[in-house]
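1. quick one: sequence and predicted model below, then my questions.
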Amino acid sequence: MRIVAFDDGKLGVVANDETVVDVTDLLQQFDPLGAADLLPDLITHFDELRPELDRKVAAGGGKPLAQVKLNSPLTRPAKIVCLMGNYREGTDRPLQILDLFFKSPEGIAGPGDTVVLPPHQADIFHHEAELAVVIGREAKDLADAEAMDAVFGYVVYNDISARGLGRTGINSFLGKSFDTFALFGPWIVTKDEIPDPQALHVTVDVNGERRQDYSTSDMERPVSELMTYISSVTTLHPGDVICCGTNHQGLGSVQDGDAMVTAVSGIGSFTVHIRDEHERAWQRGIDRAAGERVKAAAQHPVAQASGRTG
């Protein structure tokens, strides 16, 4: 099932790949405080709501996808937990130290939105396409056997990153959390439709040019391990999201006037636009030097602290 947020704070289900069925009315019984509470309520009560959701979809109706404004399916999750790296970059390099950072929910944007590059003097602004995991229930200290039971579904994510801000070599909250820098779309696909999250194809196209192009099979720590480890650090709640990291081979700049499409197979794709009032320019195409720096740092553990990239 594909869960969408659309128009003015509504939630819906995509039916037959072409229509959106509004299910907002089913959530009124939980007395949500506002649109931001609809998704956690839907996730928390999903099993009991599923029969009625299925009936609504089977009844037909709804609006054509082309006639609704899709929004980010995630509105204000309590936590956006992001991995630093977490990909082998196509090599057999040693396992990296697992490290995390939080990204501000204020940065969320979605399909059709505009990424606004801030005036801060970053070295470059990069796209980072990722698979993201939406949490389905409260989870703390998950055992291996129950890790995937706490997953609700998956969503396409792009982690826009401003390089060179803050301490040298470290990209964390400061370079990651500007408004519009957390891109989610086009919808949440429930986990029953994704039999193996480690067998998905992730791509980014900028102005029609293919940039990132990799498989989640290259992930150093799979989704199940991320679930157990992160839940050992912090309690996860319905609607929280874990962004699984990126393969840096294929990174490139985003700059004024760009149109960017991010896609994950089995989930979908969405387009955003880039605006920079200062009209700064960087080399276009794949930033191969950035990818090589990540590879080199991982091959030499003592250099990881200075070569760390999200």
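-> On my side now, so go ahead. Just so it is clear, the structure is predicted and the values come from calculations on it, not from any experiment.
2. ok, now how distant is Ala147 from Asp99?
-> According to Cβ to Cβ, to the nearest Å, Ala147 stands 20 Å off from Asp99. For glycine as for every other residue, the C-beta is placed from the backbone atoms N, C-alpha and C.
3. now Ile43: which helix or strand?
-> Element membership of Ile43 [criterion: DSSP states H and E] is helix 35-44.
4. same question, Ala296
-> Ala296 belongs to helix 288-299, assigned by DSSP H and E.
5. test my guess that Ile43 contacts Pro238.
-> Yes: with contacts counted by Cβ atoms under 8 Å, Ile43 reaches Pro238, the gap being 4.2 Å.
6. overlap of the contact sets of the two?
-> 135-137, 152 (Cβ atoms under 8 Å, 6 or more residues apart in numbering).
7. what are the contacting residues of stretch 15-29?
-> Stretch 15-29 has contacts (Cβ under 8 Å, 6+ apart) with 4, 6, 9-14, 38, 41-42, 49, 52-53, 56-57, 60-65, 68.
8. please redo it, this time with the cut-off set to 7 Å
-> In this structure, residues lying in contact with stretch 15-29 by Cβ atoms under 7 Å, 6 or more residues apart in numbering are 4, 6, 10-14, 38, 41-42, 49, 52-53, 56-57, 61-65, 68.
9. show me the shaky parts of the stretch 151-300 of the chain.
-> For the stretch 151-300 of the chain, the stretches with pLDDT under 70 are 168-172, 298-300.
10. check the offset of the helix holding Ile43 from the chain's centre.
-> Remark: helix 35-44 is offset 18 Å from the chain centroid, using Cα atoms, centre = their mean, to the nearest Å.
11. just the CA trace of it, in PDB.
-> C-alpha atoms of helix 35-44 as PDB (Å, rounded to 0.1, in the frame of the first residue of the first chain):
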ATOM      1  CA  ALA A  35      -2.200  17.500   9.800                       C
ATOM      2  CA  ALA A  36       1.200  16.600  11.400                       C
ATOM      3  CA  ASP A  37      -0.500  14.100  13.700                       C
ATOM      4  CA  LEU A  38      -2.400  12.200  10.900                       C
ATOM      5  CA  LEU A  39       0.500  10.000   9.800                       C
ATOM      6  CA  PRO A  40       1.600   8.800  13.300                       C
ATOM      7  CA  ASP A  41      -2.100   8.000  14.000                       C
ATOM      8  CA  LEU A  42      -2.400   6.100  10.700                       C
ATOM      9  CA  ILE A  43       0.800   4.100  11.400                       C
ATOM     10  CA  THR A  44      -0.100   3.400  15.000                       C
END
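12. show me what it is packed against.
-> strand 10-15 (3 or more Cβ pairs under 7 Å, 6 or more residues apart in numbering; DSSP states H and E).
13. Ile188 versus Ala290, what's the distance?
-> Distance of Ala290 to Ile188, computed by Cβ to Cβ: 30 Å.
14. put the alpha carbons of stretch 72-89 into CSV.
-> Taking C-alpha atoms only, stretch 72-89 is exported to CSV below (Å, rounded to 0.1, in the frame of the first residue of the first chain):
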residue,chain,number,x,y,z
SER,A,72,6.3,15.1,1.6
PRO,A,73,4.6,12.0,3.1
LEU,A,74,6.5,12.8,6.3
THR,A,75,5.5,16.1,7.9
ARG,A,76,7.1,16.5,11.3
PRO,A,77,8.7,13.2,12.5
ALA,A,78,10.0,13.4,16.0
LYS,A,79,13.4,12.2,14.7
ILE,A,80,15.2,12.1,11.4
VAL,A,81,18.1,9.8,12.1
CYS,A,82,20.8,9.8,9.4
LEU,A,83,23.7,7.5,8.7
MET,A,84,27.2,8.8,7.9
GLY,A,85,28.3,6.9,4.9
ASN,A,86,27.1,3.2,5.4
TYR,A,87,28.1,2.1,1.9
ARG,A,88,31.1,0.1,0.8
GLU,A,89,31.4,2.4,-2.2
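15. give me the buried positions along that stretch.
-> Buried residues in stretch 72-89, counted by 16 or more other Cβ atoms under 10 Å: 72-77, 79-89.
16. now, those that are in helices?
-> Among the buried residues of stretch 72-89, DSSP state H puts none in helices.
17. neighbours around Phe173, how many?
-> Using other Cβ atoms under 10 Å, Phe173 has 14 other residues around it.
18. let me fix that: Ala289
-> 9.
19. who's in contact with it?
-> Ala289 sits in contact with no residue, where contact means Cβ under 7 Å, 6+ apart.
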